[in-house]
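Participant: Quick one, fold the following:
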Amino acid sequence: MDVHNRRSKASKRDGVMVGLRARTFYGLGWSATAQVFRQLLQFATSVVLARLLSPQEFGLIGMIVVFTGFASLFTDLGLGAAIVQKLDLEEPHLSSAFWVGIAVGLLLTGLTVLVAPLMARFYDEPDLEPFTRVIAFNFLFGSVNVVQNALLLKNMDFRLLFQIEIVATGLAGLAAIGMAFMGFGVWSLVVQSLLTTVISVGMMWRLSAWRPRMAVDIRALKELLGFSSNLLGFNVLNYWVRNLDNILIGKFIGPSGLGIYTRAYSLMLLPITQVTSVVSRVMFPALSAIQKDVERVRHAYLRSTQAIALVTFPMMIGLLVVAEPFVLVVYGEKWSEVIPILRVFCLIGMGQSIGTTVGWIYTSQGRADLMLKWGIFSAVVYAISFIIGLRWGVMGVAVAYGISGYVILWYPAWAIPGRLINLRFKEMLVNLRGPFYCAVAMGIGVWAVRYALPSNWPQWLFLVTQVPSGVLIYGVLVHFSRIPAYVEIQEVLFQRTKRRLHASADLSKVGTD
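Facilitator: From the prediction side, this is the model:
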C-alpha cells in the first residue's frame, strides 16, 4: 500500500510538473510575442520622434523620469510581487493590496505635484514644472490595476496581457507622433506616457473578472508586507543606483549630454527589455510554484539563462560591431556622439542581460531580505564609480559603469544567490560558454564583412549587408554547436508542430467520415 501511495504521489507530482512546464512554454510564447510587437512599436515610435524632436527635449523628459520612475516603485509597495510569490493566496490579501495601492497612488500624485517646482530649480529648467505635474497622474491611474496585473502574471495569462500592452503602446505612440508633427515638442512625450497608463488600466478592468471588496484585512496585509517590504527596499536602492548616473550627468553636464547618454543606454537595454524581461515575467511565477524543489529550480534557471544568452549575446556583440552605421542610419548625424558610448554599453549589456536574472532566485525562494543586503553593497560600489567617472564626462561614467559591474560585482552577484539553489559560479560560467563563443565568432565575422566591402558605400548599405550576414553566421554556429538550450527549444517546437499536425489530420478524418 505504501509503495502504491508513493507511486501515486510521484505520478501526481510529475503530472503537475508537466502541466507547469507546458504553461511555462505557453506563457513564454505569448510573453515573447507581446514583447516583440511592443518593442517594434516603441522602437518605430522612438525613431520617428527622434527625427521630429531634439536631444534637448528627450533630455528634459529624462530628468523627470529619474524622479517619477523612483516614485512609481512605491505604487504597490511590492504587493504585486508578493501576490505572485504567495502560494496560499486568499481574497483578503487581494482586496487589502488593492485599497492600499489606491491610497499610495493618491499620495504619490499629490507629492509629485508639490515637488515639481523643486525639481525644476534643481536642474535649473523652469519648463520641467508643468510637464512633471501632468506626468504625476500616472501614479494614480497606475495604482488601480496592481492586483489585476498581478493575478494575470500569477496565472500566466500572457495572452490577455499581450492584447492590453499592444493596444496601449500603439495608440499612445500614434498620439505622440501626431502631436510632435503639430509642433507640441516635449508635450508629445508627456501625453504618450499618460495615455499608455490610462489605456492599459481601462482595458485591464474591462477584461479582468476580479473586483475588490470594501475591506482591508490587517493580518493579510502584514503577510504580504513581510515579503514585499524587503523587495521594495531593494528596488528603491537599485533604482537610485541605476539612475544616479543620469542625475549626475543632468546636473553637471546638462540635458544634451544626458540625451546622448540615455539614448545609448536605452539601446543597451534592448536585450533586457526584449528578452530577459520576457522570460522574467514567466519564470518568476513558474519558479515560485516549485520553490520547494531546489533541484528543479536550479535546472530551470540554468536552461533559462542559457536560452537568454543565446539571444542577447549576439544582439549586443552585433550592435557593437555595427554601431556606427546603425546610429547614423536610424537616428541621423545629430546623434553621432552616441556611437562610442553605445559600444561601451554593448559590453555592459551582455552581462546585465544575464545578471538581472538572479532576482528570480531571491524572489522565488522568498529571500528578498538577502537581496536587499546585496543591493546595499552594490549601491555603494556603483555610486562611487559614477562619481569618479564623471571627471571624464559622459564616456567616463559609461566606462566606470562597466568596470564596477564586471571587475568588482560580477562574482558575488552570482555566487551569493547561487547558494540558495546549490549553483556554483563556475557552473554558471560553463553554462554560458557556448552562446558567448558563438557570439564572439559571429562578431568577428561581421567585422570582417565590413572591411571586405567597398569603403565608399553609404552607411545604410553597410547595415543591410552586415546584419543579415551576422544572423546567418550565428545561426550556423549555434546549430552545429548543439547548445543544450537550443536543442531543447528545437524539441519543444518540433513536438508542438507534431501535435498540431496530428490534430489537423484528426479533424480532416472526422470531416471525411
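
Participant: From residue 415, how far out is residue 429?
Facilitator: Per C-beta to C-beta, to the nearest Å, residue 429 is found 11 Å from residue 415. Glycine gets a C-beta too; all of them are placed from N, C-alpha and C.

Participant: actually residue 328, not the one I wrote
Facilitator: Distance from residue 328 to residue 415, by C-beta to C-beta: 41 Å.

Participant: go on, residue 168?
Facilitator: From residue 168 over to residue 415 (counting by C-beta to C-beta), the distance is 40 Å.

Participant: How about residue 467?
Facilitator: On the measure of C-beta to C-beta, residue 467 and residue 415 end up 37 Å apart.

Participant: and residue 168 and residue 415? which has more neighbours close in?
Facilitator: Higher neighbour count among residue 168 and residue 415: residue 168, with 22 against 15, using other C-beta atoms under 10 Å.

Participant: sec struct for the more buried one, please.
Facilitator: Secondary structure assignment for residue 168 (DSSP: H, G, I helix; E, B strand; the rest coil): helix.

Participant: what residues are up against it?
Facilitator: 195, 196, 197, 199, 200, 203 (C-beta atoms under 8 Å, 6 or more residues apart in numbering).

Participant: Present those as CSV; the columns should include pLDDT, distance to residue 94 and secondary structure.
Facilitator: What follows is the contacts of residue 168, written out as CSV (pLDDT from 0 to 100; distance: C-beta to C-beta, whole Å; DSSP: H, G, I helix; E, B strand; the rest coil):
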residue, pLDDT, distance to residue 94, secondary structure
195, 89, 27, helix
196, 87, 25, helix
197, 85, 21, helix
199, 90, 23, helix
200, 86, 19, helix
203, 87, 19, helix
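
Participant: Closest to residue 163 out of these?
Facilitator: residue 203 (7.3 Å; C-beta to C-beta).

Participant: roughly how far apart are that closest one and residue 165?
Facilitator: 9 Å.

Participant: Please identify which of those two sits among more neighbours.
Facilitator: Set residue 203 next to residue 165 and count neighbours by other C-beta under 10 Å: residue 165 wins out with 21 against 17.

Participant: ok, back up a step: now which of the contacts of residue 168 would you call buried?
Facilitator: By neighbour count, with 16 or more other C-beta atoms under 10 Å, those hold 195, 196, 197, 199, 200, 203 as buried.

Participant: Starting from the helix or strand containing residue 244, tell me the next helix or strand along the chain.
Facilitator: For residue 244, the host element (DSSP states H and E) is helix 218-252. Downstream of helix 218-252, the first helix or strand assigned by DSSP H and E is helix 255-268.

Participant: Which residues outside that following helix are in contact with it?
Facilitator: Contacts for helix 255-268 (C-beta under 8 Å, 6+ apart): 46, 50, 54-60, 62-63, 123, 125, 245-246, 249-250, 316, 319, 331, 335, 337-338, 341-342, 344-346, 348-349, 352, 393-394, 397-398.

Participant: Let's see that with 6 Å instead.
Facilitator: Outside helix 255-268, the residues that touch it by C-beta atoms under 6 Å, 6 or more residues apart in numbering are 55-56, 58-60, 62, 249-250, 337-338, 341-342, 345, 349, 394.

Participant: pLDDT averaged over that helix - what is it?
Facilitator: For helix 255-268, mean pLDDT is 81.

Participant: Can you show me the strands along the stretch 51-200 of the chain?
Facilitator: Using DSSP state E, counting those that start in this stretch, no strands are assigned anywhere in the stretch 51-200 of the chain.

Participant: so where's it uncertain?
Facilitator: Applying pLDDT under 70 to the stretch 51-200 of the chain flags the ranges 66, 70, 72-73, 76-77, 85-87, 156, 158.
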